[in-house]
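*Asks:* sequence unknown, structure follows:
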C-alpha cells in the first residue's frame, strides 16, 4: 500500500526531505523549531510498531533530526516524543527548546496558536535543515 | 561516577526493575499507567546523548516498556517521550493512554494533580510489570 501523509500533518508542515525511512517535515510554527518524522510505511501507530528490520534506521533518523535541529538553532534542550492521540499515523516530534520560549518549561502541544513562518524565513530554514540532513 | 537517580524522579515513582541499561520506574499516579526509564549513566540529558554502543539497549528497552505496559493495561495508545525541561536527567516517559482518561486526547504532563496508588494496588501493578520486564 502506498504511503500517504495524514492530511493534518500535511496541512501543518513544510517538507524538508525524505530520509531512508522517514519523511522529515518542519512544523509551520515559528515559535518552536520543530521537526516531525513520519515513517513512510502504512499502518504504523505506536513507537514500537516499526518493523524490526527498520528500527535501526528509525532510531538513527530520530537522533539525526535532534543533531541537525540543535546545530541549526543552538537549542538548549531537545524534546523527542511520539504521542499520536489526535493524529493516529505514527509521527515523532523533535523540538528545539529554549528557556523562555512560548511554552517553557512545559510541553509545546496545545499551547496558544501556531505562528506560520514568513515565506523567506521558511525557505531559509527548510534549506538549512535539508543541508543538515544530507550533510 | 556512580549513577544517582534525580531526587524528583525518586520522589514521584516506585521502583520496578533495573534493566541492562535503564532503571524502570512506575510513576505514582493511578490516573495514568506510566513507566519512566532512566539510563543508569551520569551526565545524559537529551535522547541522543546515549553512547552509541548503548543505543541498541536503550531503544530495545523503550520498546519493551511499551509492550509490557500495553499488555498489562490493555492500553489503546502508547505515548513515548523524552522531554526533560524540568528534570534534566535523561528519562523516557512510556504512558498507557485510554480515550476518556484524565488528559485525553492531550498530553498528560501538567494535567491536574497526581493521585498516588493505594499500597496494595501499587504492589500488584509493580509486580505485574516486573514480571513483564523479566518474562
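*Replies:* Happy to help now that I have it. Here the structure is a predicted model, which means the values were calculated and not measured.
*Asks:* tell me the SS of the nearest residue to residue A:40 once chain neighbours are set aside?
*Replies:* Once flanking residues are discounted, residue A:40 sits nearest to residue A:3: 4.2 Å by C-beta to C-beta, 6 or more residues apart in numbering or on different chains. C-beta coordinates here come from the backbone N, C-alpha and C atoms, glycine included. Judged by DSSP: H, G, I helix; E, B strand; the rest coil, the three-state class of residue A:3 is coil.
*Asks:* how far away is residue A:3 from chain B?
*Replies:* 21 Å (C-beta to the nearest C-beta, to the nearest Å).
*Asks:* thinking that residue is in contact with residue A:44, fair?
*Replies:* No - at 10.0 Å, residue A:3 does not count as touching residue A:44 under the criterion of C-beta atoms under 8 Å.
*Asks:* so who does residue A:99 touch?
*Replies:* Residue A:99 is in contact with A:76, A:105, counting by C-beta atoms under 8 Å, 6 or more residues apart in numbering or on different chains.
*Asks:* Next, it: secondary structure please.
*Replies:* Using three-state DSSP, the structure places residue A:99 in coil.
*Asks:* Skipping its backbone neighbours, what lies nearest the residue nearest the centre of chain A in space?
*Replies:* Nearest to the mean C-alpha position of chain A, by C-alpha atoms, centre = their mean, lies residue A:36 at 1.6 Å. The shortest distance from residue A:36 to any non-neighbouring residue, by C-beta to C-beta, 6+ apart, is to residue A:25 (4.5 Å).
*Asks:* Tell me, how many residues neighbour the one you found?
*Replies:* Neighbourhood size, residue A:25 [other C-beta atoms under 10 Å in any protein chain shown]: 23.
*Asks:* For it, what is the enclosing helix or strand?
*Replies:* Secondary structure from DSSP states H and E places residue A:25 in strand A:22-27.
*Asks:* same for that strand, what does it pack against?
*Replies:* strand A:13-18, strand A:34-39, helix A:55-73, helix A:119-134 (3 or more C-beta pairs under 8 Å, 6 or more residues apart in numbering or on different chains; DSSP states H and E).
*Asks:* near chain B, which residues of chain A show up?
*Replies:* By C-beta under 8 Å from any C-beta of the partner chain, the part of chain A that sits against chain B consists of A:45-48, A:55, A:59, A:62-63, A:66-67, A:70, A:77-86, A:97, A:104-107, A:109-110.
*Asks:* in stretch A:96-106, what's buried?
*Replies:* A:96, A:97, A:101, A:103, A:104, A:106 (16 or more other C-beta atoms under 10 Å in any protein chain shown).
*Asks:* scratch that, stretch A:32-51
*Replies:* Those would be A:32-39, A:41, A:44, A:46-50, for stretch A:32-51 by 16+ other C-beta under 10 Å.
*Asks:* Which member of these is positioned nearest residue A:133?
*Replies:* residue A:35 (9.2 Å; C-beta to C-beta).
*Asks:* wouldn't residue A:73 be in contact with residue A:34 here?
*Replies:* No - here residue A:73 does not reach residue A:34: they are 10.1 Å apart, not a contact under C-beta under 8 Å.
*Asks:* ok, residues contacting stretch A:117-131?
*Replies:* Contacts of stretch A:117-131 (C-beta under 8 Å, 6+ apart): A:14-17, A:24, A:26, A:28-30, A:33, A:35, A:68-69, A:72, A:116.
*Asks:* Give me the below-cutoff pLDDT ranges for chain A.
*Replies:* A:1 (pLDDT under 70).
*Asks:* let's go with 90 and repeat that
*Replies:* Chain A contains residues with pLDDT under 90 at A:1-2, A:135.
*Asks:* Just checking the distance from stretch A:16-29 to the centre of its chain.
*Replies:* Stretch A:16-29 sits 6 Å away from the centroid of its parent chain (C-alpha atoms, centre = their mean, to the nearest Å).
*Asks:* hang on, the earlier thing: tell me which of the helices and strands packed on strand A:22-27 sits most buried.
*Replies:* strand A:34-39 (a mean of 23; mean count of other C-beta atoms under 10 Å in any protein chain shown).
*Asks:* Residues contacting that one, please?
*Replies:* By C-beta under 8 Å, 6+ apart, the residues outside strand A:34-39 that reach it are A:5-6, A:9, A:13, A:16, A:19, A:21-27, A:50, A:54, A:58, A:61-62, A:65, A:68-69, A:89-96, A:108, A:129.
*Asks:* Perfect, I'm done here.
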